[in-house]
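*Asks:* turn this into a model:
(chains A and B)
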Amino acid sequence: MNKPALWLLAAAVAGADDGRRIVEESQRRARTSSQRYEGTLEVFDARGRITAKRWRYERLGSAGDSKAVLRFTQPPEVKDVALLVVNHPDRASDQWMWTPAIQRERRIALQDRSTRFFGTDFSFEDLEERDVDQYDFQLLGEDRIDGALCWKIESRPRKSRSSQYTHTVGWVRKDNYVYLQVEAFRGGELIRRLRWSDLERIQGIWTARTMEVHDARRKSRTVMRLEKLEYNTPLKPEDFTLQTLRRGT
Amino acid sequence: MRLVALLTWPYLRRHKLRSALTIAGIIIGVALFVAMHTANRTVMAAFQTTVDRIAGKTELQISAGETGFPEDILEKVQSHPYVRAAAPVIEAVVATGIPGQGNLLVLGVDMTGDQSLRDYDLEGGDEDVVEDPLVFLAQPDSIIVSRVFAGRNRLETGSRLPLETMDGARRFTVRGIMRAGGMVSAYGGNLAVMDVYAAQMVFGRGRMFDRIDLALQEGVGIEEGRKSLERLLGPGYQIETPESRGKHFESISTALSFSINITSVFALLIGIFIIYNSFSTAVTQRRGEIGVLRALGATRGQVLGLFLAESAAAGLIGSVLGVVCGRLMARGMTLFMSGLVEVSYGANQRPDELAAEPWLMALAVGLGVVASVLGGLLPARAAARVDPVRALQKGRTQVMTAGENRLRRRLAAAILAAALGLLVFGRGNAPFYVSYILLVVALVLFTPALALRLARMLRPAWKRLRPVEGVLAADSLIQAPRRTSATVAALMLSLAMAVGFAGIASASRGSMNAWMRGTMNFDLILTTSETLSSQSYRFPPEVAGEVASIEGVAEIQPVRFGRIMLRGRPTMMVAVDVESVARRITFQVVEGDVSRMTRLAREGRGAIVSDTLALIEGLKLGDILEIETPSGPLRIPVVGTTVDYTDQRGTILIDRELYRRWWKDDSLNIVRVYLNPGADRNAARERIQERIGARHRLFVLTGAEMRAYVERVADQWLGMTYMQLAVAVLVAILGIINSLTVSILDRRRELGVLQAVGATRAQIRHTIWMEALSIGVIGLILGLAMGTVLLYYDFYLLRLNIVGLRLDYEFPVGFSLSLIPVILGAAFVAALWPAESAVRASLVEALEYE
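*Replies:* Numbering: from 1, shown residues only, chains lettered A, B, ... in the order given. Next up, the predicted model:
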């Protein structure tokens, strides 16, 4: 994931012709054939407690037609627990979780995607990629985030039952088409706010190395940092199957 | 009210003991009714409560009987457009390994999605277990327990909890504690939650789920959702609301309810007789006062109303006290029934509080009052018909007129003829039930005449035994048959009931022993739990092969059993290797040819049904069974009927290969083991324990131990018989005390005269004792005789479609012989106080009497 919340990224693809065009351009610039990184997650809950996790991530394909494997490396109790995400352009992704201690995979069902992703402030749905055709966009105007001039674009899912959010509003930098912020709403209520920072150009692609998700209701936040990031690395399709997941490689 | 003040109140004050005894009769009847039904309702409600509480927001549950179903069904259900949330569940009752804590109901759920259905209200600091279940899921030893259970066992987050699993005893880590209330109060609070896939592993479920709980999309009706899912999954699955599970449980425990209802009816009948006895005595004793009142202008209606009001009041007081006593008795009875239900049906329930159903209490009070009024109706009518002139004459109060006696006998004969006519010519169940009731009525109507005849027959024997006391005792009965006939009738009924139950028990045991000798001839049997009905654990299929390879083992028979749905009812199915079983066991064939039926069953072309199932469902050879399986409906013909007591509601025996094909399930409940000739059974048992027991939860029993276990379960059912015997003895004591008290009061003058002319206290005492023994002897003779006849009906009743048990008539000789000392002893005990009261009565008062 060049942006861990790719669904939100896709969902933020701007409205009307301008909005959609901006989002398509943003996706085009971020498109890679594969990606690999090591991620660190820190969750700061409302009581100030901090929990941390680390994982390795690999993705093959992009923009709503990709497969990704996420394998936890820390803490020791969850080492080698893995998640396989198969994204489809026209429908919700399929997700399986592999638990090495019982040598079993479990399918994570569509209905569960609004639940939090293992104690972080992401939901399972936030990890999905979606095609721009699944959303209606509207360019709301311009705004500044951290001093940078951005387009402000609203997106709404065309099938209301397919998402936990009724709509999102995204801020896309005008100079490099990188997302700096997305706010996700249910009705008029803000559910999550995502912010990207530490922008760096890696292999010619503008990439945010840090992302922060804030859960407005729980008043907790998750900070994710990407390390050892590589794009367009040679990955094999057969490494993104349940069989590979079971092998634990 | 004036009549009450004039007639009732003074009588009650003078006869406190008898009034108390009358009420005691009602108390016993109502208490027994309340206790048995409360216990039954409590156990049923405990099961339903457990189902409801753990159901959470579940609207529908998908299951395939007790056999479970392959897990790929989950994906189909989850992707159905009507389904908002669907989560797999495994339920197991697990031994905790903690002394005194009994079993723990473990719910295996998928924590990544189950929160849509159930609210896991965890204590502060533990919420992350639900919010971030990664560690919980990654570590299969993770478990969440209820606050109740944690409190009882001083468990905290991080504590280790020992549990019995398929891999033997394992220690689980408590990763969260659920707050009290809601779901946590299921199964008496002994509830724990673990990951469903870990549960599959530790309970030997393979890749099967027990059920899927689901909630529907907003706007989708339950029935609409159910039908749509039925179309999706086909008929092999039951899609029901959580409440329906309770109904299935009730349907498999009909034998228990049937037994309770029969006992209740008899308790009610006996109560009616005690009341009849007391009131007819009261009417007789108050004839003079009634005569005076009638002479002073009281109408017949007023007298009738007075006595009916008295009986209703007695009924009300006795019933209310009976409800109180019944509630007290219910607690002990609930424990007994809960154990019986768990061991017999494998139903997960743990009653924590008695069911308090107002309708049951109201019904008990209502029945008590109605029984009391019915019992008092004839005496009240007799009181209303009292002729004031004759009433004021002395003597002849308890003597039944020849005309009265003749009328009764003719009526009894007519009713008896009708009963026999219905029995011989009647078709279906209704004429049989009517015949049964008419027979009881006829025998009761015959009682005074028979009691009189028996008293006359006893007289010479009594005279030889004790020339003075014996004659006096026999004459007392002969001269006043009305005084004792109701007691004799009550005793007769209760003994007939006890004989009936004992006969059934004895025949069942005989038949069951014959079945066990023919079928439980294995050397060893491997099971996963102490109660064979439990479905909590199952062996993986490879266990069979491992056992077969152990030194000394000649042959093994893996068995898979579980309830499936047949004609909408849960029915036990047993899947075995029919070829091997046919070689080793002796089928008791009821219908069909043994070699043909086993051949067809072995080839998967037929099912062998038990006689019980055939009777309940009206199945005949060649009938097609439509069994709903996870692979679709299996249509299979009945190729034979045999005697099989594996389950109370009957069994379907099929080949295990057929089962595997249709249910896609390899797991095993038990493995029967035959050893090589001469092989050391204990050594083989040890080898199996070492090899299999090291990795799997295992109980190895010898054939004899297994048979003893089955007998113990059967004995628990027979415990009901002993309870009925206890009621019979109590009724006998009460009735005899009542009759003797009346007899002594009636004969105070006679006894006073006897003492005045030189009779010793010992002679008076012996007279009373012998009178009591006479009642006991007559009650015994009539009770055993009635039991002999009713037993025939009882056996027939069992064959009907309620119980479906075909047993040969067998009179319980040993039990009946044991009744002789019990009843005579009870009669003697009942006579002690009245006898002492008679000898200590003032001679002057006695001679002034009347």
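
*Asks:* make it CA atoms for all contacts and neighbour counts henceforth
*Replies:* Noted.

*Asks:* contacts only, for the residue of the stretch 51-200 of chain B found nearest chain A.
*Replies:* Minimum separation of the stretch 51-200 of chain B from chain A (Cα to the nearest Cα) falls at residue B:132, amounting to 3.7 Å. For residue B:132, the contacting residues are A:116, A:117, A:118, A:119, A:120, by Cα atoms under 8 Å, 6 or more residues apart in numbering or on different chains.

*Asks:* please convert the residues you listed to JSON lines, extending it with distance to residue B:546.
*Replies:* As requested, those are exported to JSON lines (distance: Cα to Cα, whole Å):
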{"residue": "A:116", "distance to residue B:546": "44"}
{"residue": "A:117", "distance to residue B:546": "43"}
{"residue": "A:118", "distance to residue B:546": "41"}
{"residue": "A:119", "distance to residue B:546": "43"}
{"residue": "A:120", "distance to residue B:546": "46"}
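
*Asks:* in strands, which of those residues appear?
*Replies:* Residues of the contacts of residue B:132 located in strands (DSSP state E): none.

*Asks:* top of these by number of neighbours, please.
*Replies:* residue A:120 (27 neighbours; other Cα atoms under 10 Å in any protein chain shown).

*Asks:* residues in contact with it?
*Replies:* With Cα under 8 Å, 6+ apart, residue A:120 has these contacts: A:41, A:43, A:221, A:222, B:132.

*Asks:* what about the nearest residue to the second one once chain neighbours are set aside, which SS state?
*Replies:* In other words, residue A:43. Take residue A:43 and drop its neighbours on the chain: the residue closest to it by Cα to Cα, 6 or more residues apart in numbering or on different chains is residue A:222, 4.4 Å away. Put simply, residue A:222 is strand when judged by DSSP: H, G, I helix; E, B strand; the rest coil.

*Asks:* and what of the one 5 residues further on?
*Replies:* Put simply, residue A:227 is strand when judged by three-state DSSP.

*Asks:* pLDDT score for the nearest residue to residue B:301 once chain neighbours are set aside?
*Replies:* Leaving aside its sequence neighbours, residue B:301 sits nearest to residue B:384 (Cα to Cα, 6+ apart; 6.8 Å). Residue B:384 is assigned 83 on the pLDDT scale.

*Asks:* quick check: residue B:384 touching residue B:306?
*Replies:* No: the pair residue B:384 / residue B:306 is not scored as a contact, 9.4 Å apart, by Cα atoms under 8 Å.

*Asks:* look at the two and report which has more neighbours.
*Replies:* Shown here are residue B:384 and residue B:306; by other Cα under 10 Å, residue B:384 has more neighbours (23 against 20).

*Asks:* what's near enough to touch the more buried one?
*Replies:* Applying Cα under 8 Å, 6+ apart, we find residue B:384 in contact with B:300, B:301, B:302, B:303, B:304.

*Asks:* residue B:750 versus the residue lying farthest from the centre of chain B, what's the distance?
*Replies:* Here chain B reaches farthest from its C-alpha mean at residue B:757, the gap being 56.4 Å by Cα atoms, centre = their mean. Using Cα to Cα, to the nearest Å, residue B:757 is found at 11 Å from residue B:750.

*Asks:* check residue B:370 too.
*Replies:* When Cα to Cα is the yardstick, residue B:370 and residue B:750 sit 37 Å from each other.

*Asks:* more neighbours, these two?
*Replies:* residue B:370 (18 against 15).

*Asks:* three-state assignment of the closest residue to chain A within the stretch 651-800 of chain B?
*Replies:* Minimum separation of the stretch 651-800 of chain B from chain A (Cα to the nearest Cα) falls at residue B:695, amounting to 15.6 Å. Here residue B:695 takes the coil state, with states given by three-state DSSP.

*Asks:* what does residue B:758 give?
*Replies:* At residue B:758, secondary structure determined by three-state DSSP is coil.

*Asks:* my guess is residue B:123 meets residue B:175, correct?
*Replies:* No: taking contacts as Cα under 8 Å, residue B:123 lies outside contact range of residue B:175: 10.9 Å.

*Asks:* list the buried residues of stretch A:234-248.
*Replies:* For stretch A:234-248, the neighbour count (16 or more other Cα atoms under 10 Å in any protein chain shown) marks A:235, A:239, A:240, A:241, A:242, A:245, A:246 as buried.

*Asks:* and the strands in chain A?
*Replies:* Applying DSSP E to chain A gives strands spanning A:34-44, A:50-62, A:65-74, A:82-86, A:94-99, A:104-108, A:135-145, A:148-157, A:167-173, A:179-186, A:189-202, A:205-215, A:220-231.
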